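>>> quick one, fold the following:
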Amino acid sequence: MCRPYHPPMLGGSIDTLSSLLVRGGWVMWPLLALSITSVTLCLERTWFWMRLHSPNRRERLNRLNAALRTGRTEEARRLIGRARSSVYSELAARLIEDKATDVVAIECVEELRPAVERFMPTLSTIITAAPLLGILGTVTGLISSFELLGTSRMITDPREISGGIAEALITTAAGLIIALLTLFPYMMFKGHAERAYRRMESIIAAAQHGVAVAPTSAAKGSEK
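As a prediction, the model looks like this:
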């Protein structure tokens with residue numbers, strides 16, 4: 001008679017995690033902190049880029065560029081008001097209010113850079129620090145094992161030595177897993193940031209072209 005299948009409960013996963021933390025030694029605690037930080041920051045950045053680069057926002061940005069390029073300032077202001085203060089709308093508003101000069105454009109891009117690259121240094125640090133902490137756990141685990149081997153007393157239970165070896169392997173694996181799981185979102189966010197800067201360049205070019213076109217259009221209108 002077949003036994004009924006019982007799916008694993010959450011309590012079993014918690015017990016497994018607790019066991020890994022204990023067997024991995026003190027290095028597992030900073031690794032746990034890094035993993036929680038990484039997941040939190042990745043979720044925040046994913047939500048930010050999904051909202052900023054959604055298809056609707058892309059269509060609105062195209063209309064904004066067209067309005068700026070042809071010097072239709074009022075239409076551009078209306079589109080900026082609907083964008084809910086994204087980095088693109090803030091840049092366009094600044095270019096309209098303070099004139100689309102190179103100095104204003106550079107200043108505005110530098111002011112918006114922290115919003116675009118938010119948490120990127122932290123994620124980069126996690127990618128570097130997690131494997132190093134894993135190696136540190138490897139060293140401390142091997143040291144504890146060799147200390148047991150170096151004592152004068154006879155070791156009758158192999159588990160006394162295997163504890164240090166398990167600590168070394170667990171911390172190494174945990175550090176590499178955290179670094180890898182952070183690396184892929186980090187590269188995705190880096191690609192979104194580069195795309196954001198290219199779109200900012202298109203907004204600046206459109207605004208500067210609109211400033212150059214506006215006097216010509218006004219002169220033609222006066223001649224008529």
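>>> please make it C-alpha for all contacts and neighbour counts, starting now.
Fine.
>>> residue ranges of the strands in the protein, please?
Counting by DSSP state E, the chain forms no strands at all.
>>> what residue ranges in it score low on pLDDT?
By pLDDT under 70, the weakly predicted segments of the chain are 1-15, 17, 20-21, 82-85, 145-164, 214-224.
>>> determine the longest helix present in it.
Using DSSP state H, we find that the single longest helix of the chain is helix 159-223.
>>> how far out from the middle of the chain is it?
7 Å (C-alpha atoms, centre = their mean, to the nearest Å).
>>> tell me which other helices or strands it touches.
helix 10-24, helix 28-52, helix 55-69, helix 87-98, helix 102-116, helix 120-150 (3 or more C-alpha pairs under 8 Å, 6 or more residues apart in numbering; DSSP states H and E).
>>> is it possible to export these to TSV including mean neighbour count and distance to residue 186?
Shown next, in TSV, are those (neighbours: other C-alpha atoms under 10 Å; distance: least, C-alpha to C-alpha, whole Å):
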stretch	mean neighbour count	distance to residue 186
helix 10-24	14	25
helix 28-52	16	8
helix 55-69	18	22
helix 87-98	19	20
helix 102-116	15	13
helix 120-150	19	7
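>>> closest one to residue 208 among those?
Ranking these by proximity to residue 208 (C-alpha to C-alpha) places helix 55-69 first, at 7.6 Å.
>>> show residues contacting that closest one.
The set of residues external to helix 55-69 that reach it, using C-alpha atoms under 8 Å, 6 or more residues apart in numbering, is 51, 73, 75-76, 79-80, 83, 88, 202-203, 205-210, 213.
>>> compute the inter-axis angle for the longest helix of the chain and helix 102-116.
If you take axes from the mean of the first three to the mean of the last three C-alpha atoms, to 10 degrees, helix 159-223 sits at 150 degrees to helix 102-116.
>>> from residue 69, how far off is residue 96?
Shown here: residue 96 relative to residue 69, a distance of 12 Å by C-alpha to C-alpha, to the nearest Å.
>>> now for those two: what residues contact both?
When contacts are counted by C-alpha under 8 Å, 6+ apart, the set common to residue 96 and residue 69 consists of residue 207.
>>> let me see the backbone angles for residue 53.
Dihedral pair for residue 53: phi -110, psi 30, per degrees, to the nearest 10.
>>> just give me the neighbour total for it.
Under the neighbour criterion other C-alpha atoms under 10 Å, residue 53 is assigned a count of 15.
>>> now do it against residue 30, distance only.
Counting by C-alpha to C-alpha, the gap between residue 53 and residue 30 amounts to 34 Å.
>>> what is the burial count for residue 203?
Neighbour count for residue 203, taken as other C-alpha under 10 Å: 26.
>>> distance check, it against residue 194.
With distances taken as C-alpha to C-alpha, residue 203 is found 14 Å from residue 194.
>>> same check on residue 166?
Computed with C-alpha to C-alpha, the distance linking residue 166 and residue 194 is 42 Å.
>>> mind checking which of these two has more residues around it?
Neighbours were tallied for residue 166 and for residue 194 using other C-alpha under 10 Å; the higher tally belongs to residue 166 (20 against 13).
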